[in-house]
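Participant: got a sequence here, can you build the structure:
(chains A, B, C, D, E and F)
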Number of protein chains: 6
Amino acid sequence: MSDLQLVPGNSLLTATPEEGRQLAVKLARLIIKLTQPDDEKRRQQRAIYADNPMMLISIGQTVAAEFATIAAANNYWRDQPQAH
Amino acid sequence: MSDLQLVPGNSLLTATPEEGRQLAVKLARLIIKLTQPDDEKRRQQRAIYADNPMMLISIGQTVAAEFATIAAANNYWRDQPQAH
Amino acid sequence: MSDLQLVPGNSLLTATPEEGRQLAVKLARLIIKLTQPDDEKRRQQRAIYADNPMMLISIGQTVAAEFATIAAANNYWRDQPQAH
Amino acid sequence: MSDLQLVPGNSLLTATPEEGRQLAVKLARLIIKLTQPDDEKRRQQRAIYADNPMMLISIGQTVAAEFATIAAANNYWRDQPQAH
Amino acid sequence: MSDLQLVPGNSLLTATPEEGRQLAVKLARLIIKLTQPDDEKRRQQRAIYADNPMMLISIGQTVAAEFATIAAANNYWRDQPQAH
Amino acid sequence: MSDLQLVPGNSLLTATPEEGRQLAVKLARLIIKLTQPDDEKRRQQRAIYADNPMMLISIGQTVAAEFATIAAANNYWRDQPQAH
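Facilitator: Presented below is the predicted three-dimensional model:
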């Protein structure tokens, strides 16, 4: 397999939900990078995603799935003070 | 990554299921905003979603996935009195 | 966000699996209503769903996802007598 | 909502994995019946599903999702003797 | 419903992850067989799947979902010696 | 079924999240190999995936699903020092 690191920091643990969400986005993007390693092609594809409503929704489903795992790993950051 | 805050309030904890559901919708929308930051383009895309049955269904799947995580985080708000 | 209530009764707890399933259907429909608030348009879209096999399957996936959360919230109604 | 019963027997509990799987199929079909109540139209749609590879795969995803919930409800039938 | 057995061995328990993965594939295939019982048609459809990248990916999603349930049922085979 | 080994090492346990992520990618690819055993055809298909934004997103969803199972199997590698 490629030398690309697929889990930044090699950990699912983050200090906050916000950082967990950002990690979810990164995990999703790194799988795309693994499958399409060409930086210029990925740049062009991002422009396609951004203008395609169905792709935007599908990206949201991917991030939701990654985030579910990260949130469970962090026990949903329950020790934080409630903010909502 | 963008400066956009992806988890409003930086917490998954909410007082009620209704607030949890609203948070799920917001989380889903913020990933779309991250991928398509142009407000006017997103406004146009919302009109496309609303008139496309398959996209409406897919949005529902995204929200369901986000809500599953939020509901687990809140232990399903089991301490609330039963309403149904 | 809209004033539409997204969780009827503001609770995931139901007395029976049947009521839980009905709640899952309602949760799914309310996200569609949030995205397409026009009653007449939604009425027309329902006719499209009903005649489109792929959309019917996708609606099933949405309800399955919502129901998974509701079933977990209710601890799978395990205290009921076994009926199957 | 329609008078259609969405959970046969109003329980997720089954004696065996086989019965659980059959229940998963029934749950999935009942959502389709709720959305398309016309028996003759559903009969025609079944013929479409059966000849469409992508629809067959998608039906499989729906059943897998329903079964995940039923299997968890039954604690994966772990008290049965191991058969594989 | 058809007489087709949907869960081979009527158990989700397997001795190893490899056997669990094979069971996941079988569960997925048996739902397709339930929906399309004609052996010759299914043989033709397999040739279509194999040459269609999007269908291959979707089959992978189905197997992943089935395997998640089987892996949980087997408590992830944690009592095995670690091999990776 | 084919003689192809579907779970490398016949274990879901890995030392780190990075190795778990790589295992998720392998599990996903092995299901594709099971369905399309021809090496040359798969090589051609990889070129198609890499240039198709929607397929890239769908591959990401598959890996996310496989990873969710692997991460749970490893108890989210919580005993590791936090890196984020």
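Participant: all contacts plus neighbour counts: C-alpha atoms, from now on.
Facilitator: Noted.
Participant: tell me the contacts of the most centrally placed residue in chain A?
Facilitator: Centroid-nearest residue in chain A, with Cα atoms, centre = their mean: A:Val25, separated by 2.0 Å. Going by Cα atoms under 8 Å, 6 or more residues apart in numbering or on different chains, A:Val25 touches A:Val63, A:Glu66.
Participant: tell me how far it lies from chain F.
Facilitator: A:Val25 is 11 Å from chain F, where distance means Cα to the nearest Cα, to the nearest Å.
Participant: for the host helix or strand of that residue, C-alpha coordinates in CSV please.
Facilitator: Using DSSP states H and E, A:Val25 maps to helix A:17-35. Only the C-alpha atoms of helix A:17-35 are listed here, as CSV (Å, rounded to 0.1, in the frame of the first residue of the first chain):
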residue,chain,number,x,y,z
PRO,A,17,-16.0,17.5,19.3
GLU,A,18,-14.8,20.3,17.0
GLU,A,19,-11.4,18.6,16.6
GLY,A,20,-13.1,15.3,16.2
ARG,A,21,-15.2,16.6,13.4
GLN,A,22,-12.1,18.0,11.7
LEU,A,23,-10.4,14.7,12.0
ALA,A,24,-13.4,13.0,10.4
VAL,A,25,-13.1,15.3,7.4
LYS,A,26,-9.4,14.6,7.2
LEU,A,27,-9.9,10.8,7.4
ALA,A,28,-12.4,11.0,4.5
ARG,A,29,-10.1,13.2,2.4
LEU,A,30,-7.2,10.9,2.9
ILE,A,31,-9.0,7.9,1.5
ILE,A,32,-9.7,10.0,-1.6
LYS,A,33,-6.1,10.9,-1.7
LEU,A,34,-5.1,7.3,-1.4
THR,A,35,-7.3,6.4,-4.4
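Participant: now do it, average pLDDT.
Facilitator: Across helix A:17-35, the average pLDDT comes to 98.
Participant: before we move on, what about stretch A:71-84?
Facilitator: In this model, stretch A:71-84 has an average pLDDT of 82.
Participant: surely A:Met54 and B:Pro53 touch.
Facilitator: No. Using Cα atoms under 8 Å, A:Met54 is not in contact with B:Pro53, being 11.4 Å away.
Participant: just after the helix holding A:Val25, pick out the following helix or strand.
Facilitator: helix A:39-50.
Participant: hmm, who's touching that following helix?
Facilitator: With contacts defined as Cα under 8 Å, 6+ apart, helix A:39-50 is touched by A:Lys33, A:Gln36, A:Met55, A:Leu56, B:Thr35, B:Gln36, F:Asp51, F:Pro53.
Participant: mind listing what the fifth one touches?
Facilitator: Spelled out, that is B:Thr35. By Cα under 8 Å, 6+ apart, the contact set of B:Thr35 is A:Arg46, A:Tyr49, A:Ala50, A:Leu56.
Participant: neighbours of the second one, how many?
Facilitator: Right, A:Tyr49. Neighbours of A:Tyr49 under the rule other Cα atoms under 10 Å in any protein chain shown: 21.
Participant: in PyMOL, select just the buried ones from the contacts of helix A:39-50.
Facilitator: PyMOL command restricting the contacts of helix A:39-50 to the buried ones, with burial defined by 16 or more other Cα atoms under 10 Å in any protein chain shown:
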select buried, (chain A and resi 33+36+55+56) or (chain B and resi 35+36) or (chain F and resi 53)
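Participant: just to revisit the earlier point, most widely separated two among the contacts of B:Thr35?
Facilitator: A:Arg46 and A:Leu56 (10.2 Å; Cα to Cα).
Participant: send me the longest helix belonging to chain A as CSV with only the CA atoms.
Facilitator: Ranked by number of residues, the top helix in chain A under DSSP state H is helix A:53-73. Below are the C-alpha coordinates for helix A:53-73, written out as CSV (Å, rounded to 0.1, in the frame of the first residue of the first chain):
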residue,chain,number,x,y,z
PRO,A,53,-25.7,18.9,-4.9
MET,A,54,-25.8,15.0,-4.9
MET,A,55,-22.0,14.8,-4.3
LEU,A,56,-22.2,17.3,-1.5
ILE,A,57,-24.8,15.2,0.2
SER,A,58,-22.8,12.1,-0.3
ILE,A,59,-19.7,13.7,1.2
GLY,A,60,-21.8,14.6,4.2
GLN,A,61,-22.7,10.9,4.6
THR,A,62,-19.1,9.9,4.5
VAL,A,63,-18.1,12.5,7.1
ALA,A,64,-21.1,11.4,9.3
ALA,A,65,-19.9,7.8,9.2
GLU,A,66,-16.3,8.7,10.1
PHE,A,67,-17.4,11.0,12.8
ALA,A,68,-19.6,8.3,14.4
THR,A,69,-16.5,6.2,15.0
ILE,A,70,-14.4,9.1,16.3
ALA,A,71,-17.2,10.3,18.6
ALA,A,72,-17.6,6.7,20.1
ALA,A,73,-13.8,6.5,20.5
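Participant: cool, thanks, talk later.
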